[in-house]
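Q: give me a model of this one.
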Amino acid sequence: MRVAGFQMAVNDSSVRENQQKIFGALEQASAERADILLTPEGSLSGYHNRFDPQEVRKTVEAVCQQAKKLGVGLALGTCYVEEDGRCYNQLRFYEKDGRYLGAHAKTLLCSNSLDWPYSGEITSFSSKRLEVFTFQGVVVGGLICNDLWANPACTPMPDPHLTHQLARKGAKIIFHAINGGRGDPHSIALNRAFHEANQCIRAMADGLYIVSVDNAYPLTKDNSCSSGVISPQGKHITRLPTQGEHLFVQDLA
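A: The predicted structure follows:
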């Protein structure tokens, strides 16, 4: 499988701008003959629950039609209101022919661990049962940001080790959509070290690939985790610069 990932500066105020950026990434991915494109957490809707549900629904359809036209599958990060009326922070999977495979909903929703009652995204989004999906004959899973590393500063629930669960369900590749927080240089460095060590150890522990992309906004600060690909041996085989918008393409054995 040839995977592509777009480290993108997500605009929380403009679905239209995000759509155009994803269109451009799809063009690049298609030109590089990628099978699937991964985008960051909330990359279409913005990382919040204040979006217009109808606008996002229509824009998701437009992005999927463009991906189908170009013959590129999608692991699309967006917040989304489903038919049940609930808002989910999702990673939505689509085959190269445009078929919708299903969505992972973020499970380890964040809140300050010391807050009570809890606040933040844990009060904004719903979650659902963990699933795997079959893309181009390969079993894959999706995780969103804190789902993978269970950062203790923002995880009030126990760590369910979702990478283990996906591996037990047969996943060979985990697509990891990130939209990590920023802060002072010290906190950024600490979080990057924690996040990346978790990715590498978990990839090695379960013998799977982890494909990830982070939000690039703001462009002048390092992101919270390297975008790229980690091998089943727990090593980076592709790693993007820590700042700016970039797209990678990588063949997986």
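
Q: list the buried residues for stretch 242-253?
A: Judged by neighbour count (16 or more other CB atoms under 10 Å), stretch 242-253 contains these buried residues: 242, 245, 247-250, 252. For every residue, glycine as well, the C-beta is placed using N, CA and C.

Q: what do you get for stretch 184-199?
A: Neighbour-count burial for stretch 184-199 [16+ other CB under 10 Å]: 188, 191-192, 194-196, 198-199.

Q: can you check stretch 120-132 too?
A: Neighbour-count burial for stretch 120-132 [16+ other CB under 10 Å]: 121-122, 125, 127, 130-132.

Q: and the residue nearest the centre of the chain, what does it touch?
A: Compute the mean C-alpha point of the chain, and by CA atoms, centre = their mean the closest residue is Ala177, 1.2 Å away. Residues in contact with Ala177, defined by CB atoms under 8 Å, 6 or more residues apart in numbering, are 38-41, 43, 75, 77, 91, 142-145, 212-213.

Q: what's near enough to touch Ala29?
A: Applying CB under 8 Å, 6+ apart to Ala29 gives the contacts 4, 6, 37, 70, 72, 247, 249.

Q: which of the three states applies to it?
A: helix (DSSP: H, G, I helix; E, B strand; the rest coil).

Q: quick check: closest non-adjacent residue to it.
A: Leaving aside its sequence neighbours, Ala29 sits nearest to Ala4 (CB to CB, 6 or more residues apart in numbering; 4.0 Å).

Q: next one: the one you found from Pro185, what distance?
A: 30 Å (CB to CB, to the nearest Å).

Q: now do Ser113, the pLDDT please.
A: With respect to pLDDT, Ser113 scores 68.

Q: what is the mean pLDDT for stretch 89-99?
A: For stretch 89-99, mean pLDDT is 98.

Q: which strands and helices sit next to the helix or strand harbouring Ser187?
A: Per DSSP states H and E, Ser187 falls inside helix 185-206. Helices and strands touching helix 185-206, by 3 or more CB pairs under 8 Å, 6 or more residues apart in numbering; DSSP states H and E, are helix 146-149, helix 162-168, strand 209-213, strand 228-230.

Q: and if we set it to 10 Å?
A: helix 146-149, helix 162-168, strand 173-177, strand 209-213, strand 228-230, strand 236-239 (3 or more CB pairs under 10 Å, 6 or more residues apart in numbering; DSSP states H and E).
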